[in-house]
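1. coordinates for the following, if possible.
(one chain, ligands or ions: 2)
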Amino acid sequence: MKLTTLNDIWMKPGLTADQCIKCNICNTACPVLAVTDDFLGPKAVGPQFERFRHPRLPIPEDSVSLCSGCGTCSRVCPHGVSVAEMNSQAKARLVDQNGAPLRDQLLSRPELLGKLNRRWAGAANQALKIPLVRQILESTLGISKQAPLPGFSRDTFRDRHPERCISEPPETEAGLVAYYHGCSVNHYEPDLGDLTLEILGALGYEVVLPPQKCCGLPLQSNGLFEAARSHAGSNLETLQPFVDAGIPIVGTSTSCTLELKHEYQAVLGLRGVAYQALGEAVADLFEFLLGPASNRLLAVEFEELPLRVLYHAPCQLKSHWIGTPAFEIMKRMPALEILLSRSECCGVAGTYGVKKEKYGIARDVGQKLFEQAQEHAVDFVVTDSETCRWWIRHHTQIPSVHPAALLAVSMGLRSQVLE
Ligand code: SF4
Ligand code: SF4
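-> Numbers count the residues shown, from 1 in each chain. Ligands and ions are numbered 1, 2, ... in the order given. Down below sits the predicted model:
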């Protein structure tokens, strides 16, 4: 079959296997292969094994399960092989064959966990700090007792802003932004959502909150494609009126925005112009600030920020192919000393590092990053994705923050960096 468009390639990653010339570049770049001999590497588990994955026969091997889904291999491949995407699809077929453990069923539903634990968030958060509780969770479910788990919020972000929750776009769309906050801001980091409203509000935007569900990336990463597709369908339905009205959909998690932009189509195989239009309407907050909002941002006189920070671009951000917009904006902040991460990946890859059998691999992947942050005694590690922040904070004991936290201070909206 002749591949003619990028869209064809996205829909059927396996079809790109024959483009592999076995150059080994992906193996050289894979952060998991660099730390463990148990993983056969992207060249083998991707294009090489894909030829043995007959659509109607069981998948003969499970080594692909050690792939973290960081996406590095697809980015570096000079021949356009969609290695990470075909690995995700192979993992989903393994889950179809063998089922998913209860642990993965739970970890892949952060929205449900957030809802269930909201009422007694304080007690649940305290309980998760008790070593015996963590030991029991590890022995019974396989959730690493060492891995950082996020704290549940007592109130949701949406509950804080009911007046902004609308299901249809208003008549006047000028200066309107629809915020895709996702489940992490709604249930775990509502303060980051507040900060985003303040930043966009100060730039003259009116921000609304369309109905939305978890993007589905955790389900997808755990091979639960049908449930992930159900989330995608629900998000398409509720976001489409805003897309049709030409309202930008802006997010603060580079993982969620990548899911909406790329993974619905490229990994979950959801076709059609509606998904394409949704993908094109979505932007990361800093991509939006450096793009459509750039003139408004240029009018802002940034205040001095005498801090030393390490900026780490998450793997999921790199897969947007938009460069590092947060870094570009941070460079404009006077007195801010920025070191750039020398590591490809922090290791956690969403829920990957939380699993008992993968915690050590994920820690080793991030080790150089942790050492770099500690060696240079930075005030903050700055990174755009929530699971990276929780993971880096846990391993370095250095506050790890979203770039919006620095921007808010430099814009004079806050006196302290939100941790
Ligand atoms: S980088 Fe691409 S072409 Fe080279 S071995 Fe990996 S998949 Fe094959
Ligand atoms: S997605 Fe990441 S971990 Fe998986 S094979 Fe590719 S580079 Fe390695």
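2. state the helix or strand in which the most centrally placed residue in the chain lies.
-> Central residue check for the chain by C-alpha atoms, centre = their mean: the C-alpha nearest the mean position is that of residue 255, 1.8 Å away. Residue 255 belongs to helix 254-258 when elements are defined using DSSP states H and E.
3. which residues does the closest residue to residue 68 other than its chain neighbours contact?
-> Leaving aside its sequence neighbours, residue 68 sits nearest to residue 349 (C-beta to C-beta, 6 or more residues apart in numbering; 3.7 Å). Every C-beta, even on glycine, is put in place using the N, C-alpha and C of the backbone. By C-beta atoms under 8 Å, 6 or more residues apart in numbering, the contact list for residue 349 reads 68, 69, 70, 221, 315, 362, 387.
4. of these, select the buried ones using a ChimeraX command.
-> Restricted to buried positions by 16 or more other C-beta atoms under 10 Å, the ChimeraX selection for the contacts of residue 349 reads:
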select :68,69,70,221,315,362,387
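5. out of the contacts of residue 349, the closest to residue 159 would be?
-> Taking C-beta to C-beta as the measure, residue 387 is the one of those closest to residue 159, at 23.4 Å.
6. my guess is the closest one meets residue 348, correct?
-> Yes. Applying C-beta atoms under 8 Å as the test, residue 387 and residue 348 come out as touching, 5.1 Å apart.
7. what touches both of the two?
-> Contacts common to residue 387 and residue 348, judged by C-beta under 8 Å, 6+ apart, are absent.
8. any buried residues in stretch 246-255, and which?
-> In stretch 246-255, counting by 16+ other C-beta under 10 Å, buried: 247, 248, 249, 250, 251, 252, 253, 254, 255.
9. can you get me a residue count around the nearest residue to residue 233 once chain neighbours are set aside?
-> Nearest in space to residue 233, with sequence neighbours left out and distances taken as C-beta to C-beta, 6+ apart, is residue 270 at 7.9 Å. Neighbourhood size, residue 270 [other C-beta atoms under 10 Å]: 20.
10. list the contacts of the residue nearest to the centre of the chain.
-> 215, 217, 314, 316, 350, 385, 386, 387 are the contacts of residue 255 under C-beta under 8 Å, 6+ apart.
11. so is the last one in a helix, a strand, or just coil?
-> Looking back up the chat, that one is residue 387. Put simply, residue 387 is helix when judged by DSSP: H, G, I helix; E, B strand; the rest coil.
12. got it, and the one 4 residues further on?
-> Secondary structure for residue 391, judged by three-state DSSP, is helix.
13. which secondary structure element contains residue 229?
-> Residue 229 belongs to helix 225-244, assigned by DSSP H and E.
14. try residue 104
-> Per DSSP H and E: helix 102-107 holds residue 104.
15. what are the buried residues along that helix?
-> 103, 104, 105, 106, 107.
16. how about the residues of this structure by ligand 1?
-> Residues of the chain found near ligand 1 (C-beta under 6 Å from any ligand atom) are 20-26, 42-43, 46-47, 77, 79, 81, 83.
17. okay, and which of these map to helices?
-> Using DSSP state H, the members of those that fall within helices are 25, 26, 42, 43, 83.
18. what is the nearest of the residues you listed to ligand 2?
-> residue 42 (3.5 Å; C-beta to the nearest ligand atom).
19. so what's the residue count around residue 79?
-> 14.
20. contact partners for the residue of the stretch 101-250 of the chain found nearest ligand 1?
-> Proximity of the stretch 101-250 of the chain to ligand 1 (C-beta to the nearest ligand atom) peaks at residue 221, 20.5 Å away. Going by C-beta under 8 Å, 6+ apart, residue 221 touches 69, 88, 108, 349, 350, 351, 352.
21. stretch 123-133 spans what distance, first to last residue?
-> 12 Å (C-alpha to C-alpha, to the nearest Å).
22. show me which residues of the chain are close to ligand 2?
-> So the chain meets ligand 2 at 30, 32, 42, 67-73, 83-84, 87 (C-beta under 6 Å from any ligand atom).
23. which parts of the stretch 151-300 of the chain are strands?
-> Here the stretch 151-300 of the chain has its strands, by DSSP state E, counting those that start in this stretch, at 176-180, 206-208, 249-251, 282-284.
24. tell me which of the ones you listed sits nearest to residue 52.
-> Using C-beta to C-beta, the nearest of those to residue 52 is strand 282-284, at 35.6 Å.
25. strand partners (parallel or antiparallel) of the closest one?
-> strand 249-251 (parallel) (DSSP bridges).
26. contacts only, for the residue lying closest to residue 30 once chain neighbours are set aside.
-> Once flanking residues are discounted, residue 30 sits nearest to residue 42: 5.1 Å by C-beta to C-beta, 6+ apart. If you count contacts by C-beta under 8 Å, 6+ apart, residue 42 has them with 26, 27, 30, 33, 67, 73, 83, 84, 87.
27. show me the shaky parts of the stretch 51-200 of the chain.
-> Scanning the stretch 51-200 of the chain for pLDDT under 70 picks out 173.
28. look up how far residue 83 lies from the residue in it that ligand 1 sits nearest to.
-> Residue nearest to ligand 1 within the stretch 51-200 of the chain: residue 77 (3.2 Å; C-beta to the nearest ligand atom). Going from residue 77 to residue 83 by C-beta to C-beta, to the nearest Å gives 6 Å.
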